[in-house]
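# Sequence first, predicted model second:
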Amino acid sequence: MASLTPIACVLRRLVVIGLLFMTCLGPARAEPVDDLLDALQIDAMLGIMREEGIAYGRDLGNDMFMDGSNPRWQELLAEIYDPEKMQIIMRRYFDDMLDQADMKPLVAFFDSETGAEIVELELSARRAMIDDGVEEAARSAYQSADTESARLQQITQFIETNDLLEANVAGALNASFKFYSGLVDGGGLEMSEGEILSDVWAQEAETRADTREWLYGFLMLAYEPLSDDTLDEYIEISGTPEGRVLNRALFAGFNAMYDEISYALGLAAARQMQSQEL
């Protein structure tokens, strides 16, 4: 049976406060949330996430199908990574957790010159790392970094404050489970739920190592232009009660979104495999 590692590694969430908000197709939101979403350049972030997913899907098709990433598979990827569907799924879980939260301090921060700079840096780094060469360079920079450097210690504090490593590992493993569940339900794979769980858990150490490396590489790349004082300010606001509630809401919303995407990918892959066998 194929390794579960690729799907787990690609479907990492990386929920950083300034990165992963989504817009909503529905009733008007409270004014502070509207202002915050505008400051975070949501449309740009959603476009990057879609581009990441489709690029991964092409690689997946080349690995799984006899005729590689064919035109029909490309159509399916475009349907699965539909921006409006992604918005709706994420916000279904996101809004309830922020219903009673005070967003005004976060609005003030991200409306500031410092907050706007951070958003731009995060978006630029995320977009750049779609390129395999840039990603490899970022990973290499982390691998060769001085573990005692002040900047690496700041990055570690940022990760721990936002619980980024543990939450991303859990989310990636769950996405793997959903993907293989889709493959099974679609008739492309024969495994019991217990067998899937066992194989997913067997990849935990490898997934954790990959996620850690990607996470540090990304954050080092994104925040390289920031001063230590500015990064400390960002860490401080992410550790406030408002910041922590926001981060939990983001993980809940994005986990739900990627779970549905992963299951849909599994189903689509199973059907593609079956059509090639006819």
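Yes, it's here. Values in this document were obtained by computation on a predicted structure and should not be read as measured data.

# For the rest of this, base every contact and every neighbour count on C-alpha atoms.
Noted.

# For the protein, which segments are assigned as helices?
Secondary structure of the chain by DSSP state H: the helices cover 5-10, 31-39, 42-64, 71-80, 83-98, 104-111, 113-128, 132-143, 150-161, 164-185, 193-202, 204-223, 228-238, 241-277.

# Most tightly packed of the ones you listed?
Of all the helices of the chain, helix 164-185 has the most neighbours on average by mean count of other C-alpha atoms under 10 Å, namely a mean of 23.

# now the angle from that one to helix 241-277?
Calculated by axes from the mean of the first three to the mean of the last three C-alpha atoms, to 10 degrees, helix 164-185 forms an angle of 30 degrees with helix 241-277.

# Without its sequence neighbours, what residue ends up closest to Tyr180?
Nearest residue to Tyr180, sequence neighbours excluded (C-alpha to C-alpha, 6 or more residues apart in numbering): Gly266, at 6.0 Å.

# Quick one: residues contacting the one you found.
Gly266 makes contacts with Lys178, Phe179, Tyr180, Ser181, Gly182, Leu183, Val184, Gly186, as judged by C-alpha atoms under 8 Å, 6 or more residues apart in numbering.

# correct me, but the fourth one touches Ser262?
No. Using C-alpha atoms under 8 Å, Ser181 and Ser262 do not qualify as a contacting pair, with a distance of 9.0 Å.

# And Asn62, how close does it get to Ala55?
For Asn62, the distance to Ala55 equals 11 Å [C-alpha to C-alpha, to the nearest Å].

# And the closest residue to Gln274 other than its chain neighbours, how far from Gly266?
In this structure, Gln274 finds its nearest non-sequential neighbour in Gly188, 6.9 Å apart by C-alpha to C-alpha, 6+ apart. Distance of Gly188 to Gly266, given as C-alpha to C-alpha: 8 Å.

# remind me which residues of this protein are low pLDDT?
1-34, 36, 94, 98, 277-278 (pLDDT under 70).

# and if we set it to 50?
Applying pLDDT under 50 to the chain flags the ranges 1-30.

# I figured Phe254 hits Ile88, correct?
No. Phe254 is beyond contact range of Ile88, at 10.9 Å (criterion: C-alpha under 8 Å).

# Apart from its chain neighbours, what residue comes closest to Ile48?
Arg127 (6.0 Å).

# And for Ser149, the neighbour number?
Residues near Ser149, counting by other C-alpha atoms under 10 Å, number 9.

# Please state the backbone phi and psi of it?
phi -70, psi 150 (degrees, to the nearest 10).

# residues near Asp99, how many?
Residues within reach of Asp99, counting by other C-alpha under 10 Å, total 12.

# ok, now which ones touch it?
By C-alpha under 8 Å, 6+ apart, Asp99 has no neighbours at all.

# Quick check: the nearest residue to Gly53 once chain neighbours are set aside vs Ala128, distance?
Computed as C-alpha to C-alpha, 6+ apart, the closest residue to Gly53 that is not its neighbour in sequence is Tyr81, at 6.9 Å. To Ala128, Tyr81 is 19 Å away according to C-alpha to C-alpha.

# measure the residue lying closest to Leu183 once chain neighbours are set aside to Tyr258 for me?
Leaving aside its chain neighbours, Leu183 sits nearest to Gly266 (4.4 Å; criterion: C-alpha to C-alpha, 6+ apart). Distance of Gly266 to Tyr258, given as C-alpha to C-alpha: 12 Å.

# Pull the contacting residues for the nearest residue to Met90 once chain neighbours are set aside.
Among residues not flanking Met90 along the chain, Gly253 sits closest, at 4.4 Å (C-alpha to C-alpha, 6+ apart). Gly253 makes contacts with Ile89, Met90, Arg91, Arg92, Tyr93, Phe94, as judged by C-alpha under 8 Å, 6+ apart.

# Nearest to Ser275 among the residues you listed?
Ile89 (29.0 Å; C-alpha to C-alpha).

# The closest one touches Ala256, doesn't it?
Yes. With contact defined as C-alpha under 8 Å, Ile89 counts as touching Ala256 (6.9 Å).
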